[in-house]
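Visitor: Structure of the sequence below:
(chains A and B)
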Amino acid sequence: MVTTLQDNSAQVVRGPATTAPPPPLRRKGPASRRNDTWVAWLLVTPAVLGFGVFFAYPMLRGVYLSFTDFHILSPPVWTGLENIRELLNDNRFWHSLGVTAYFVVLTVVLGIGVSLLTAVVLHRLGVGTTVRGLMILPFLISGVVTALVWTWMLDPQLGIVNQLITWVTGEPVMFFSSDAWAVPTLAALNVWKSMGYNAVLIFAGLQTIPATIYEAGRIDGASEFQMFRSLTLPLLRPILVMVVILNVINATQIFDIVQVSTKGGPADASLVLQMYIYDKAFGQFDFGYAATMSLALFLMLVAVTFTQMRMARAGESDTD
Amino acid sequence: MNLSMKLGRGVAWGYLVVVLLVTIFPFYWIVRTALSDNFAMSTDPSSLLPVHFTWGPFKRALGLATPAEAAAEGGSDAKIDLALALWNSIVYAGVLTLLTVVFSALAAYAFARLQWKGRELVFGVLLTALMVPSVFTLLPNFVLMKDLGLLNSFGGMILPGAFFSAFNIFFLRQFMLGLSNEVEEAAIIDGAGPLRVCFRIVLPMSVAPMATLTLLQFITTWNDYFWPLLVTNDESVRPLTLALAVFKQSSPQASLDWAGLMAATLVAALPMLLLFVVFGRRLVNSIGFTGIK
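Guide: Numbers count the residues shown, from 1 in each chain, chains lettered A, B, ... in the order given. Sure thing, here's the model as predicted:
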């Protein structure tokens, strides 16, 4: 999906669904081709309109608003680089950036680790679709529901998890209301929600690896772990890169779980960037500054994505 | 099979069981809590079965309990109009999904099966949308909806996502590129125009991937929180995700009606769980398929 962006459209055509040769040019008469063009534009009009009105225009407007003072009720006032100067000196912004980075790293490292292990176990044990189905259950429910049920299960007094912890250690863990635990807890929730989905994605990648490779490895006396390290991982690299990029993009924009459970607290300990942007825009009605922060977030995501694609390309040779 | 391999399989199975337990237990806990008496639960919080089994929480969640009944079981007076929120979610997710899949399929047909000048260019431009995170367009889209006077309406919730989805177009185009030409060519020889070919041949042949996208889009929209949070401001159009969050935030933290909240949560998640029961297999396969792309 996202990984295709670097390709030109001719390359995008490649893929499992397109193993059939591309359709040959049909209808060579000039009259019918004119007809095609007319119909084609008719068919893409809704999509092109939607793209222009609800994507391209808001995007350009977002860039413009980033350089204005805008409080919704009165028209935006151009202030040049004022917002950017404010951004550079805004400790809360840098703090929220750090919180977001911490959250993303925890989510991605923990999430991909567990998903990969789970996918490999599912694959090696030859477990059927039903088990994989159960794994994606959390993917079906909203971040709000996830946050609600875990807030309840991790409740310091009545939550079942803390009942267990208290029984073992004698005192409950303040999962959401302590500085040290808030972000790791949120990351764990996010991992819980996305793990099955990631595992199914990785599992699909594993299925494309021919079984004969493993048979050859076994004949050569390789252990299960050696085969994982020198066969599975390199062959899985393209899909792993894609899963990592998707997870980074999603985790960077985390909002619902945080807003429902901690609201960024305690004392900004879990103030992720999107929470701060929302607070600026709809708590303080500082839309111009909120737009500047969105722009910064966007540019950072672009940079991160391109770096990851670079790394993906560098590793392409060993997947052939 | 030697001993170490048996041991390895044992450990692997053990790991899998733990992962499954952690995945599924919260769903059981929602049910267990939703069938408990909220007062009694605080005296026996670690009971694995419902405490003082009762349908009360569901009655409160659906607004069927009298204030006296609610108070007796530790319900609060925080209200949630679940039926309305359910209806709003159905309209929001249903209409948006229907429109975006239909419009994406039409565009995908033009990109995959028709020859026209500018085709690759237009397709390439549309695909750039895959790169931009939604947060960047959501704030300006909010301002646009405000300018159009569409705040707090289904129009404002649905319009921005209804016409264009880069992923859906890309996904369907990939599928349509792989269709064989024979039937289509026969129809063209019989004198069918491109529109007829689209509606009579290519779209019917693309029902399976369209169903997959419908499913994925519906789930995403049903679970969406940020955009409805921006554009709605009262319960008249508020979907379930938002109604649940508001319900929790408007209840006093000390005496939160967890049983009622979990009952409401279950009602909110139920349509997704039903989809899962009916389409689970297709869902698993389609996630794998989108991944290989």
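Visitor: rest of the way, CA atoms for contacts and neighbours
Guide: OK.
Visitor: shaky segments in the stretch 1-150 of chain B?
Guide: B:1, B:65-79 (pLDDT under 70).
Visitor: Identify the residue of it closest to chain A, quick one.
Guide: residue B:107 (4.4 Å; C-alpha to the nearest C-alpha).
Visitor: Can you name the residues that contact that residue?
Guide: For residue B:107, the contact set (C-alpha atoms under 8 Å, 6 or more residues apart in numbering or on different chains) comprises A:40, A:43-45, A:47, B:169.
Visitor: run the last query once more with 10 Å
Guide: A:40-48, B:101, B:123, B:164, B:168-170, B:172-173 (C-alpha atoms under 10 Å, 6 or more residues apart in numbering or on different chains).
Visitor: from those, which ones fall inside helices?
Guide: Here DSSP state H is the test, and these give A:40-48, B:101, B:123, B:168-170, B:172-173 as lying in helices.
Visitor: of all those residues, which comes closest to residue B:149?
Guide: Checking the ones in helices among the contacts of residue B:107 against residue B:149 with C-alpha to C-alpha, the nearest one is residue A:46 at 21.5 Å.
Visitor: How much space separates the closest one from chain B?
Guide: Residue A:46 sits 6 Å away from chain B, taking C-alpha to the nearest C-alpha, to the nearest Å as the criterion.
Visitor: Just list the residues touching that residue, thanks.
Guide: A:52, B:99-100, B:102-104, B:106-107, B:162-164.
Visitor: And the furthest pair within those?
Guide: Taking C-alpha to C-alpha as the measure, the contacts of residue A:46 span a maximum distance of 18.2 Å, between A:52 and B:102.
Visitor: More neighbours: which of these two?
Guide: Neighbour totals were compared for residue A:52 and residue B:102, and residue B:102 leads with 20 against 15 (other C-alpha atoms under 10 Å in any protein chain shown).
Visitor: And for residue B:204, the neighbour number?
Guide: Applying other C-alpha under 10 Å, we find 12 residues neighbouring residue B:204.
Visitor: my guess is it contacts residue B:198, does it?
Guide: Yes: counting by C-alpha atoms under 10 Å, residue B:204 touches residue B:198, with 8.5 Å between them.
Visitor: Tell me which residues touch residue B:160, please.
Guide: For residue B:160, the contacting residues are A:50-51, A:53-55, B:96, B:137-138, B:141-142, B:144-145, B:227, by C-alpha under 10 Å, 6+ apart.
Visitor: Out of those residues, which comes closest to residue A:258?
Guide: Nearest to residue A:258 among the contacts of residue B:160, with distances taken as C-alpha to C-alpha, is residue B:227, at 15.4 Å.
Visitor: quick one, phi/psi of whichever residue of the stretch 51-200 of chain A sits closest to chain B?
Guide: Relative to chain B, the nearest point of the stretch 51-200 of chain A is residue A:142 (4.4 Å; C-alpha to the nearest C-alpha). The phi/psi pair for residue A:142 (degrees, to the nearest 10) reads phi -80, psi 160.
Visitor: Just the pLDDT for the nearest residue to it once chain neighbours are set aside.
Guide: Counting by C-alpha to C-alpha, 6 or more residues apart in numbering or on different chains, residue B:223 is the residue found nearest to residue A:142 once chain neighbours are left out, at 4.4 Å. Here, the pLDDT recorded for residue B:223 equals 91.
Visitor: ok, residue B:223 to residue A:173 distance?
Guide: From residue B:223 over to residue A:173 the distance is 29 Å, taken as C-alpha to C-alpha, to the nearest Å.
Visitor: now do residue A:85
Guide: Using C-alpha to C-alpha, residue A:85 is found at 40 Å from residue A:173.
Visitor: One more: residue B:248?
Guide: 22 Å.
Visitor: Repeat that for residue B:115.
Guide: 63 Å.
Visitor: And residue B:157, by the same measure?
Guide: When C-alpha to C-alpha is applied, the distance between residue B:157 and residue A:173 equals 39 Å.
Visitor: Of these two, which one has the most company?
Guide: Remark: of residue B:157 and residue A:173, residue B:157 carries more neighbours, 25 against 19, as counted by other C-alpha under 10 Å.
Visitor: ok now the helix or strand harbouring that one, how far from the chain's centre?
Guide: Using DSSP states H and E, residue B:157 maps to helix B:154-162. Computed by C-alpha atoms, centre = their mean, to the nearest Å, the chain-centroid distance of helix B:154-162 equals 16 Å.
Visitor: That one - what's its average pLDDT?
Guide: pLDDT averaged over helix B:154-162 gives 93.
Visitor: What residue spans form the domains of chain B?
Guide: Domains of chain B are assigned by automatic domain parsing as B:3-75+B:257-281, B:95-231.
Visitor: Can you tell me which of the ones in helices among the contacts of residue B:107 are buried?
Guide: Buried positions within the ones in helices among the contacts of residue B:107, assessed by neighbour count (16 or more other C-alpha atoms under 10 Å in any protein chain shown), are A:40-41, A:43-48, B:101, B:123, B:168-170, B:172-173.
Visitor: Closest one of those to residue B:187?
Guide: Nearest to residue B:187 out of these is residue A:40 (C-alpha to C-alpha; 18.0 Å).
Visitor: just to revisit the earlier point, among the buried ones among the ones in helices among the contacts of residue B:107, find me the one that's closest to residue A:164.
Guide: residue B:168 (45.0 Å).
Visitor: distance of that closest one from residue A:155?
Guide: Per C-alpha to C-alpha, residue B:168 is found 40 Å from residue A:155.
Visitor: what residue lies at the spatial centre of the chain?
Guide: Since no chain was named, I'll use chain A. Centroid check for chain A by C-alpha atoms, centre = their mean gives residue A:250 as the closest residue, at 2.4 Å.
Visitor: other chain: chain B
Guide: Mean-position check on chain B, C-alpha atoms, centre = their mean. Result residue B:219 at 1.8 Å.
Visitor: Let me see the contact set for that one.
Guide: Counting by C-alpha under 10 Å, 6+ apart, residue B:219 makes contact with A:139-142, B:93-94, B:97, B:213, B:271-272, B:275.
Visitor: among these, which two are most distant?
Guide: Applying C-alpha to C-alpha across these, the maximum distance is between A:139 and B:94, 18.8 Å.
Visitor: any idea which helix or strand carries residue A:216?
Guide: Counting by DSSP H and E, the element that carries residue A:216 is helix A:211-219.
Visitor: Can you name the next helix or strand after that helix?
Guide: Beyond helix A:211-219 toward the C-terminal end (DSSP H and E), the next one is helix A:224-227.
Visitor: same question for the helix or strand where residue A:147 lies, mean pLDDT?
Guide: Using DSSP H and E, residue A:147 maps to helix A:143-153. Average pLDDT, helix A:143-153: 93.
Visitor: Do the longest helix seen in chain B and chain A come into contact?
Guide: Criterion DSSP H: the longest helix present in chain B is helix B:258-292. Yes: for helix B:258-292, a contact with chain A is found by C-alpha under 10 Å from any C-alpha of the partner chain, at B:258-259, B:261-262, B:264-266, B:268-273, B:275-277, B:279-292.
Visitor: got it, and stretch B:170-186?
Guide: Yes: Stretch B:170-186 lies within reach of chain A by C-alpha under 10 Å from any C-alpha, at B:170-171, B:173-181, B:185.
Visitor: Drop the exposed ones from those residues and show what's left.
Guide: Neighbour counting with 16+ other C-alpha under 10 Å marks B:170-171, B:173-179 as buried within those.
Visitor: how near is residue B:208 to chain A?
Guide: To chain A, residue B:208 is 13 Å away according to C-alpha to the nearest C-alpha.
Visitor: roughly how far apart are residue A:117 and residue A:228?
Guide: According to C-alpha to C-alpha, residue A:117 and residue A:228 sit 10 Å apart.
Visitor: I meant residue B:27, not that one.
Guide: Counting by C-alpha to C-alpha, the gap from residue B:27 to residue A:228 is 33 Å.
Visitor: Residue A:308 now?
Guide: Residue A:308 is 23 Å from residue A:228, by C-alpha to C-alpha.
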